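*Asks:* Fold the following, please.
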Amino acid sequence: MSTTGLEGRRVVITGAGSGIGRAAALKFAAEGARVVVADLDAERAKSVVAEVEQGGGSAFAVVGDLSDPAVVEEVVARTVAHFGGIDVLVNNAGIMDRMSAAGETDDAEWERVLRVNLTAPFLLTRAALPHLLESGHGAIVFTASEAGLRGSAAGAAYTTSKHGVVGLMKSLAVMYREQGLRTNAIAPGGTATNITVDAADGARGPATIGKYMANVGKPAQADEQAAAILFLASDAASNINGALLPVDNGWAAV
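*Replies:* Purely as a prediction, here's the structure:
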């Protein structure tokens with residue numbers, strides 16, 4: 001029996017094929033939620049679905065690039081068709097930039113990072129909103145970043161995208177709270193995942209930001225980030241709305 005109120009709830013998790021998203025999918029399923037594993041990588045998505053099912057849970061995968069509106073519509077349509085609605089949306093998928101300073105950031109880097117990290121979760125949120133509101137206890141959780149709190153954790157594109165995620169989260173929290181929808185975000189610090197940084201040789205970002213990395217502290221495990229996501233989506237956080245929760249071993253406090 002779930003103690004979080006998540007049993008039977010319909011949960012969409014993006015970037016759920018690995019890292020924080022995978023850990024979240026397994027945690028929600030363990031609480032009895034029904035999970036949609038949305039990811040760009042088909043094999044990883046199917047593997048997570050298999051893990052959920054082996055544990056006695058219910059899940060299916062939707063594969064595609066969530067910066068494509070057609071994939072967004074597919075995620076929502078298939079979730080509603082399979083599960084009858086959406087109770088929780090976890091906007092977790094994201095990519096890193098090349099740690100480029102603004103003067104080194106070309107159009108392609110800027111547009112891709114903003115498209116994946118900010119526009120894609122906006123599109124999915126907008127498409128899922130009618131169903132989240134209909135549920136009567138809808139919850140959205142974004143994976144923001146320590147880079148949404150400061151300017152010394154990533155390059156210009158990633159930092160801007162995560163500040164945008166924080167703004168979107170807060171806007172949603174205010175606009176829809178009277179309709180029972182809660183929207184929050186976590187701000188992970190250093191976390192052991194498969195996300196890599198392809199910094200350009202001689203880029204200003206790594207040389208400048210490196211001096212601040214001593215404050216990062218011990219990296220988190222994906223499960224630790226997922227636990228915070230699950231808490232914010234659960235009934236235990238029923239009066240928490242518009243919050244940005246650092247999960248960073250105190251980095252934000254330094």
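*Asks:* residues of stretch 129-136 that come out buried?
*Replies:* By neighbour count on 16 or more other Cβ atoms under 10 Å, the buried set for stretch 129-136 is 129, 131, 132, 135. From N, CA and C alone the C-beta is placed, and that goes for glycine too.
*Asks:* Looking at these, which is nearest residue 156?
*Replies:* residue 129 (29.9 Å; Cβ to Cβ).
*Asks:* In helices, which of the buried residues of stretch 129-136 appear?
*Replies:* Using DSSP state H, the subset of those located in helices is 129, 131, 132, 135.
*Asks:* C-alpha coordinates for stretch 206-214, CSV please?
*Replies:* Output of stretch 206-214 as CSV, limited to C-alpha atoms (Å, rounded to 0.1, in the frame of the first residue of the first chain):
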residue,chain,number,x,y,z
PRO,A,206,35.3,25.7,-18.3
ALA,A,207,38.3,28.0,-17.4
THR,A,208,36.1,30.5,-15.8
ILE,A,209,33.6,28.2,-14.1
GLY,A,210,36.2,25.7,-12.9
LYS,A,211,37.2,27.9,-10.0
TYR,A,212,33.7,27.7,-8.5
MET,A,213,33.5,23.9,-8.7
ALA,A,214,35.2,23.4,-5.4
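*Asks:* returning to that earlier point: any idea which of the ones in helices among the buried residues of stretch 129-136 is the one closest to residue 208?
*Replies:* The closest of these, once distances to residue 208 are taken by Cβ to Cβ, is residue 129, at 38.9 Å.
*Asks:* OK, contacts around the closest one?
*Replies:* 176, 181 (Cβ atoms under 8 Å, 6 or more residues apart in numbering).
*Asks:* what separates it from residue 210, distance-wise?
*Replies:* Taking Cβ to Cβ, to the nearest Å as the measure, residue 129 falls 40 Å from residue 210.
*Asks:* ok, which stretches of the stretch 151-254 of the chain are helices?
*Replies:* 156-176, 204-209, 222-233 (DSSP state H, counting those that start in this stretch).
*Asks:* same question, the stretch 1-150 of the chain
*Replies:* With DSSP H, counting those that start in this stretch applied, the stretch 1-150 of the chain shows helices at 19-30, 42-54, 69-83, 107-114, 120-135, listed in chain order.
*Asks:* Give the rounded mean pLDDT of the last one.
*Replies:* Per-residue pLDDT over helix 120-135 has a mean of 98.
*Asks:* quick one: it to helix 156-176, angle?
*Replies:* 20 degrees (axes from the mean of the first three to the mean of the last three Cα atoms, to 10 degrees).
*Asks:* chain center to helix 120-135, what's the gap?
*Replies:* Its chain's C-alpha centre and that of helix 120-135 lie 14 Å apart, by Cα atoms, centre = their mean, to the nearest Å.
*Asks:* in this protein, what residue sits furthest out from the centroid?
*Replies:* The centre of the chain is farthest from one residue, residue 202, which by Cα atoms, centre = their mean lies 30.5 Å away.
*Asks:* From residue 110, how far out is it?
*Replies:* Taking Cβ to Cβ, one finds residue 202 at 19 Å from residue 110.
*Asks:* how about low-confidence regions in the stretch 101-250 of the chain?
*Replies:* Within the stretch 101-250 of the chain, the segments meeting pLDDT under 70 span 194-197.
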